[in-house]
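In: how would this look folded up:
(one chain, ligands or ions: 1)
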Amino acid sequence: MTAQIIDGTAFAARLRARIAAHVAKLATQGITPGLAVVLLGEDPASQVYVRSKGRMTREVGMASFEHRLPADTPQDALLALIAQLNADPAVNGILVQLPLPAGLDEAAVINAIAPEKDVDGFHILNVGRLATGQKAMVPCTPLGCLMLLRDHLGSLAGLNAVVIGRSNIVGKPMAQLLLRDSATVTIAHSRTSDLPDLCRRADILVAAVGRPNFVTGDWIRPGATVIDVGINRTEAGLVGDVDRASALQVAGALTPVPGGVGPMTIACLLANTLTATARANGLPDPEGLTP
Ligand SMILES: Nc1nc2c(c(=O)[nH]1)N[C@@H](CN(C=O)c1ccc(C(=O)N[C@@H](CCC(=O)O)C(=O)O)cc1)CN2
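Out: Predicted coordinates for the structure are as follows:
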C-alpha cells in the first residue's frame, strides 16, 4: 500500500482564499479585522513564523500589527502592551509568539489577553470552554488537523484516535476536538506502556511528540490516517515525528512534513481572527471556520 499524501499547503491556500472573500465582504461594512502579533527575542524559527503571519494577514486583507520586543523585556512591560492591545478597537486578535524567553511567566502572559481576542485559544477560559463544549477560540494547529481529518474522512464518529503528546498547544486540545466529533480518544505520552501496540489500534494517529521519525510504519494500522504535527530540524533537514518512508507503506493517508499540518496553523490563525472580528461586531460566525 502507498498512502495518500494529504496536501496541507493546498488546503491552507484554499482556506485563505475563503477568508479573503469574507474579509472583502466585511470591508463593504467598514470592518477591517486586525491581528496583533508580539514577538520577544530573536529565536530564528519564531522570526520566520511571525514574518509569515504578518505577510499572510496582509494578503487576506486584514490589518497586521507587529510588536518586536527584546528578550529581556520585563514581564510588567509585556503585560502593559497586552493591556493596550486589549483596549484597542482596531485589534481583534492578539497572539504572543511561543516559546517565550526564559524568566517570563507564560501562563500569566497568556491569561492577560482578553479571551475574546485570544486567537491562539490558549487562555484558560477558552481551554475550559472547549473542554465543556461551549463556543471557544480553538488552538490553531489542532483546528487545522481537524479540518484535514474531516476533509479526508468525512465523519470521525466511532473511530479510534490516538494522540501522542499531551501539550497544551496541540495534544490536549486535539483530543478535545476529536472527542467533540465522537471519536474514541486515547492520549499517549512518554510514560504510556506499549505505545506501538496502542498505536496499531488507531484509525486516526496524531503524532505531536517533537521527536524526529519517532513513529515508524510497524506502529501503524494498515489504512490508518496519520497526522504528523512534528517540526524537527535535523541534519537531514526538516522532518516530522513520523518516519515517512516506512509510514507510507502502511498508512492509508499521511500529512507530509513540510507541507502538511504546518501551513494549516497560520491559515487557522487567520480563520480565528475572522471569527473574533465577526463576534466583536455581533455577526454570526463565518461558516466552516469553527469546529
Ligand atoms: N503563539 C503561538 N506560538 C507557536 C505556535 C502557535 O500556534 N501559537 N505554533 C508553533 C509555531 N508556528 C506558529 O506560530 C508555526 C509552525 C510551523 C509552521 C509551518 O508552516 N511549517 C512549515 C515548515 C516551515 C519551516 O520550514 O519551518 C510546514 O510544516 O510545512 C507555521 C507556524 C510554535 N509557536
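
In: Identify the residues contacting the residue in the chain positioned nearest to the ligand.
Out: Proximity of the chain to the ligand (CB to the nearest ligand atom) peaks at G262, 2.0 Å away. C-beta coordinates here come from the backbone N, C-alpha and C atoms, glycine included. Residues counted as contacts of G262 (CB atoms under 8 Å, 6 or more residues apart in numbering) are 8, 231.

In: and T186, what is it in contact with?
Out: 160-163, 198, 202.

In: That one: what secondary structure?
Out: Under DSSP: H, G, I helix; E, B strand; the rest coil, T186 falls in the strand class.

In: okay but H67 is in contact with L81, surely?
Out: Yes. Checked against CB atoms under 8 Å, the pair H67 and L81 is within contact range at 6.2 Å.

In: Quick check: neighbours shared by these two?
Out: V38.

In: Can you list phi and psi of the residue of the chain closest to the ligand for me?
Out: phi -50, psi -60 (degrees, to the nearest 10).

In: just to revisit the earlier point, and the contacts of T186, which is closest to S52?
Out: Nearest to S52 among these: V163, at 25.8 Å, using CB to CB.

In: Please list all residues in contact with that closest one.
Out: Counted by CB under 8 Å, 6+ apart, V163 has contacts 171, 174-175, 178, 185-188, 206, 208.

In: ranking the contacts of T186 by neighbours, who comes first?
Out: In terms of neighbours by other CB atoms under 10 Å, the contacts of T186 top out with V163 at 31 neighbours.

In: List the neighbours of stretch 86-99 that are in contact with it.
Out: Applying CB under 8 Å, 6+ apart, the contact partners of stretch 86-99 are 32-40, 43, 46, 49-50, 53, 63, 65, 78, 82, 85, 106, 109-110, 112-114, 117-120, 169, 269, 272-273, 276-277, 280.

In: burial count for the residue lying closest to C268 once chain neighbours are set aside?
Out: Spatial nearest neighbour of C268, chain neighbours left out: C140 (3.9 Å); criterion: CB to CB, 6 or more residues apart in numbering. Using other CB under 10 Å, C140 has 25 other residues around it.

In: and N168, what does it touch?
Out: Residues near N168 by CB under 8 Å, 6+ apart: 122, 127.

In: at 10 Å instead, please
Out: Going by CB atoms under 10 Å, 6 or more residues apart in numbering, N168 touches 98, 106-107, 110, 121-122, 124, 127, 139.

In: N281 against Q29, yeah?
Out: Yes. The criterion here is CB atoms under 10 Å, and N281 meets it with Q29 at 7.9 Å.

In: who has more neighbours, these two?
Out: More crowded of N281 and Q29, by other CB under 10 Å: N281, with 13 against 9.

In: confidence score at the residue nearest the centre of the chain?
Out: The chain has T141 as the residue nearest its centroid, 1.5 Å off, counting by CA atoms, centre = their mean. In this model, T141 is scored at 98, pLDDT.

In: do the same with D88
Out: So D88 comes in at 98 (pLDDT).

In: Tell me, how many residues neighbour it?
Out: By other CB under 10 Å, 14 other residues sit near D88.

In: In the stretch 101-250 of the chain, what residue spans correspond to helices?
Out: Along the stretch 101-250 of the chain, counting by DSSP state H, counting those that start in this stretch, helices occupy 106-112, 124-131, 140-153, 171-180, 195-199, 244-248.

In: and the second one, what does it pack onto?
Out: Using 3 or more CB pairs under 10 Å, 6 or more residues apart in numbering; DSSP states H and E as the contact criterion, the neighbours of helix 124-131 among helices and strands are helix 106-112, helix 171-180.

In: Give the buried residues for that helix.
Out: Neighbour-count burial for helix 124-131, with 16 or more other CB atoms under 10 Å as criterion, is recorded at 125-127, 129-130.
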